[in-house]
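Q: What follows is a predicted protein model with its sequence.
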Amino acid sequence: MIEEILPPALEGDRLDRVVALLADISRAQSTSLIGVGGVSIDDVVSVSGKVKVVAGQKISIDPTRVPEKELPQGDPSVVLDIVYADDSVVVINKSNGLVVHPGAGNMTGTLVNGILALYPEVAGVGEPMRPGIVHRLDIGTTGLMVVARTQQAYESLVDALSDRTVKREYFALTVGHFDAPSGVVDAAIGRDPRDVMRMTIVVDGKFARTHYEVTEEFDTPIPVSAVRCRLETGRTHQIRVHLAAVGHPVVGDGTYGGARAGLPFSRPALHAVKLGFDHPVTGEAMSFDAPLPSDIATLLEGLGVTAS
């Protein structure tokens, strides 16, 4: 179940558009979901997507009610870099530009469509619109993520994420030099009340904590820092929001200020380099590493860095 208190930026918007935004689904799927009673406003079921919403209302969305005809299908044209696979899990090194699951404007060609082509049984795992997905990477973020092939694996991995036993480490190239070589950003994250496409630090947001360590600093052509980030939580855009909040946005991040750095990079310079978790069936400690992608490696070489 998805529940959100509507920010002022959505005041007066139609319910079907709001549901599509909050659930990250298409308008057609949103309309179908509302039509089958899958959406409530302040705990009252709504059956019309034309209703205008009011800031402060609580919107509840049950994505499991999406009609079967609207569910994602397998697409064998989607090429996936599979690092590891067994009967329970698949570990993928996600490429730049690959959307994780179908949503508004991206109904096909996603990682989920590719997974369903290879492993059709995943269709019945987890949430219907994002089957098998236990955590996500943004479209411009590359690197490691794990997908569940069975419901048992899905529930185990979701619990592990909630218990903060999944190890996730990222490389980020950030603007400027940090005052301290390492630290923790401990700040709640929620939707930006002025721009619903952005996340920001908010007092009543969801708890979020990011550990960072500066591994190298550079001054030419501009001051930048190579940083390793370790997540305790996994909020939307967490690393990007937290690093921007402390004055060091990720290079190339147009949403949170990193694109103004002046370096020629068209996406956030952010890569999931390490992933570790206990296998959901055997309990074996699993650990994976992903080398930096060629575009980040090339960017670093221009700064005189040896990519690793």
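A: That came in fine, so what should we check first? Residues are numbered from 1 along each chain as shown.
Q: what residue ranges in the stretch 201-308 of the chain score low on pLDDT?
A: Within the stretch 201-308 of the chain, the ranges that satisfy pLDDT under 70 run 304-308.
Q: Okay, helices next: where are they in it?
A: Taking DSSP state H, counting those that start in this stretch as the test, the helices found in the stretch 201-308 of the chain are 238-245, 294-302.
Q: Of all the ones you listed, which one is nearest residue 217?
A: helix 294-302 (12.7 Å; Cβ to Cβ). Bear in mind the C-beta positions are built from the backbone N, C-alpha and C, glycine included.
Q: Mean neighbour count, the helices of the stretch 201-308 of the chain: which tops it?
A: helix 238-245 (a mean of 24; mean count of other Cβ atoms under 10 Å).
Q: Just the residues contacting it, thanks.
A: Under the criterion Cβ atoms under 8 Å, 6 or more residues apart in numbering, residues 138, 170, 172, 174, 185, 187, 189, 199-201, 208, 210, 212, 227, 229, 231, 235, 249-250, 253, 255-258, 268, 270 lie in contact with helix 238-245.
Q: among those, which are in strands?
A: The members of those that map onto strands under DSSP state E are 170, 172, 174, 185, 189, 199-201, 210, 212, 227, 229, 231, 270.
Q: Quick one: which of those residues is the most crowded by neighbours?
A: residue 174 (30 neighbours; other Cβ atoms under 10 Å).
Q: which residues touch the nearest residue in space to that one that is not next to it in sequence?
A: Nearest residue to residue 174 in three dimensions, chain neighbours excluded: residue 248, at 4.2 Å (Cβ to Cβ, 6 or more residues apart in numbering). By Cβ under 8 Å, 6+ apart, the contact list for residue 248 reads 174, 175, 176, 178, 225, 227.
Q: any chance of those residues in TSV, plus distance to residue 113?
A: Output for the contacts of residue 248, formatted as TSV (distance: Cβ to Cβ, whole Å):
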residue	distance to residue 113
174	33
175	35
176	39
178	40
225	37
227	33
